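In: any chance you could fold what I've pasted below:
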Amino acid sequence: MRVLVTGGAGLVGSHSAEYFALKGDRVVVLDNLMRSKLFSFDKESVEFNWNYLKKYPNITRIKGDVRNEKDVLKALGDGVDAVIHTAGQPGVPSSVRMPREDFSINAFGTFNVLECTRQVCKDATFVYCSTNKVYGENVDKIPLKEQKTRYVYDGTAGVSEALLTDLTGHTPYGVSKLTGDLYTQEYGHIYGMKTAVFRMSCIYGTRQFGFEDQGWVAWFIIACLHNKPVTIFGDGKQVRDLLYVTDLVAAYEKFIKSKTKNELFNIGGGRDNTISLLEFVDKIQKETGKKLKIKFSHWRPSDQKVYVSDIGKIKSKLGWQPKVSVDEGISRLVKWVKSNENYF
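Out: Next up, the predicted model:
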């Protein structure tokens, strides 16, 4: 199988590339290596992953932009069997600061990759990395109960794919990702392409370069180990379901190999892999033996108090379920950050 991974130097992209390369597939990764610039980071981030992928002879790396038709066509070559579109502007606050850039990357970039794929290899499977932020503030309409260290849903196991995406605030990021989400669904509907939208919850893992604006799991660990201050926006009782990145990529593979033509999945760790910020801080302090410097600030716009994925549909349709526990995943990430201290 020949696989194109856009954003192949990011967390999800690099793990996708490695996953399929280890299975003997031919993989092409496309990345413009601009993540550090997006988050004003003065050290290498995705460049680490870019260089890491060098060791696989069956991975071809192409530096290019998903918004550039020539770059995408070069990456597609004579055609591929699957496209995993992970490239994107991933930060919510950064989308508010630079909405034009956010739209250009997430909305137009997705359209461009879809259209190039349709022109070159219409029969390729197209996997789109969407986000729980497409539901916007509708998530906050789900009743909650407050406990000592967390909020929990009152009478709801998790957010299903049936939750509305309309008539609510999203932030520019949520809107631009929803645009790509809908275009992916539409290319499956009107052009007959095999497409899947994965509305992802909190994805984390090794080779994740987290910042305050994005990638909070890695950011808290990096800050704890390097004595950097962390700001918690809100009271810290907000909850997310965590999904280790290799479990996510395994779900991609299951869809690619399935007979399912078009689908939409909410994907995350589910209710068995949830954690609040306060609980997470306690866990990493015990794991690292260090104290995290914390200050609290006001809630950010459209910041969901609780997001837990209902993963019943993807379990049923693809026979998939998470394998890496939160404790194991955090331990792996802590060890990786410790062994790569010069990058932080």
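In: spatially central residue in the chain, please.
Out: Within the chain, one residue has its C-alpha closest to the average C-alpha position: by Cα atoms, centre = their mean, that is residue 203, at 5.4 Å.
In: now do the SS call for residue 203.
Out: Assigned with DSSP: H, G, I helix; E, B strand; the rest coil, residue 203 falls in the strand class.
In: list the contacts for it?
Out: Residue 203 makes contact with 11, 12, 243, 244, 245, 248, according to Cβ atoms under 8 Å, 6 or more residues apart in numbering. In this view, the C-beta of every residue, glycine as well, is placed from N, C-alpha and C.
In: 6 Å - rerun?
Out: Residue 203 makes contact with 243, 245, 248, according to Cβ atoms under 6 Å, 6 or more residues apart in numbering.
In: in this protein, where's the longest helix?
Out: helix 171-191 (DSSP state H).
In: how big is the angle separating the next helix or strand after that one from helix 171-191?
Out: The C-terminal neighbour of helix 171-191 among helices and strands, as given by DSSP states H and E, is strand 194-200. Going by axes from the mean of the first three to the mean of the last three Cα atoms, to 10 degrees, strand 194-200 is angled at 160 degrees with respect to helix 171-191.
In: can you give me how far strand 194-200 is from the chain middle?
Out: In this view, strand 194-200 has its centroid 12 Å away from the chain centroid, taken as Cα atoms, centre = their mean, to the nearest Å.
In: so what does that strand touch, helix or strand wise?
Out: Counting by 3 or more Cβ pairs under 6 Å, 6 or more residues apart in numbering; DSSP states H and E, the packing neighbours recorded for strand 194-200 are strand 125-131, helix 171-191, strand 262-267.
In: most tightly packed of the ones you listed?
Out: With neighbours taken as mean count of other Cβ atoms under 10 Å, these reach their highest mean count in strand 125-131, at a mean of 26.
In: quick one: strands adjacent to that strand?
Out: With DSSP bridges as the test, strand 125-131 is paired with strand 82-85 (parallel), strand 194-200 (parallel).
In: so which of those comes closest to residue 30?
Out: strand 82-85 (9.8 Å; Cβ to Cβ).
In: hmm, who's touching that closest one?
Out: Under the criterion Cβ under 6 Å, 6+ apart, residues 3-6, 16, 113, 117, 124-128, 252, 256 lie in contact with strand 82-85.
In: circling back to that earlier point, how near is the residue nearest to the centre of the chain to residue 246?
Out: Counting by Cβ to Cβ, to the nearest Å, the gap between residue 203 and residue 246 amounts to 10 Å.
In: before we move on, which element is residue 50 in?
Out: Once you assign secondary structure using DSSP H and E, residue 50 falls within helix 46-52.
In: C-alpha coordinates for that helix, CSV please?
Out: Written as CSV, here are the backbone C-alpha positions of helix 46-52 (Å, rounded to 0.1, in the frame of the first residue of the first chain):
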residue,chain,number,x,y,z
VAL,A,46,8.4,19.2,14.1
GLU,A,47,11.9,19.3,12.7
PHE,A,48,12.7,16.6,15.3
ASN,A,49,10.0,14.4,13.9
TRP,A,50,11.1,15.2,10.3
ASN,A,51,14.6,14.1,11.1
TYR,A,52,13.3,11.1,13.1
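In: in that helix, what counts as buried?
Out: Neighbour counts over helix 46-52 (16 or more other Cβ atoms under 10 Å) mark 46, 47, 49, 50 as buried.
In: any idea how many residues pack against the residue nearest to the third one when sequence neighbours are not counted?
Out: Read it as residue 49. Once its chain neighbours are removed from consideration, residue 49 has its nearest residue in residue 14; the separation is 3.9 Å (Cβ to Cβ, 6 or more residues apart in numbering). Counted with other Cβ atoms under 10 Å, residues neighbouring residue 14 total 28.
In: still on that earlier bit, most tightly packed of the strands paired with strand 125-131?
Out: For those, ranked by mean neighbour count under the definition mean count of other Cβ under 10 Å, the leader is strand 82-85 at a mean of 27.
In: figure out how far that strand is from the centre of its chain.
Out: 14 Å.
In: swap in stretch 193-204?
Out: Per Cα atoms, centre = their mean, the displacement of stretch 193-204 from the mean C-alpha position of its chain is 8 Å.
In: would you mind measuring from the nearest residue to residue 262 once chain neighbours are set aside to residue 80?
Out: Counting by Cβ to Cβ, 6+ apart, the nearest residue to residue 262 once its immediate chain neighbours are dropped is residue 188, at 3.8 Å. When Cβ to Cβ is applied, the distance between residue 188 and residue 80 equals 17 Å.
In: is it true that residue 296 lies in a helix?
Out: No: the assignment for residue 296, made by three-state DSSP, is strand rather than a helix.
In: would you check that it makes contact with residue 232?
Out: Yes: the pair residue 296 / residue 232 is scored as a contact, 5.2 Å apart, by Cβ atoms under 6 Å.
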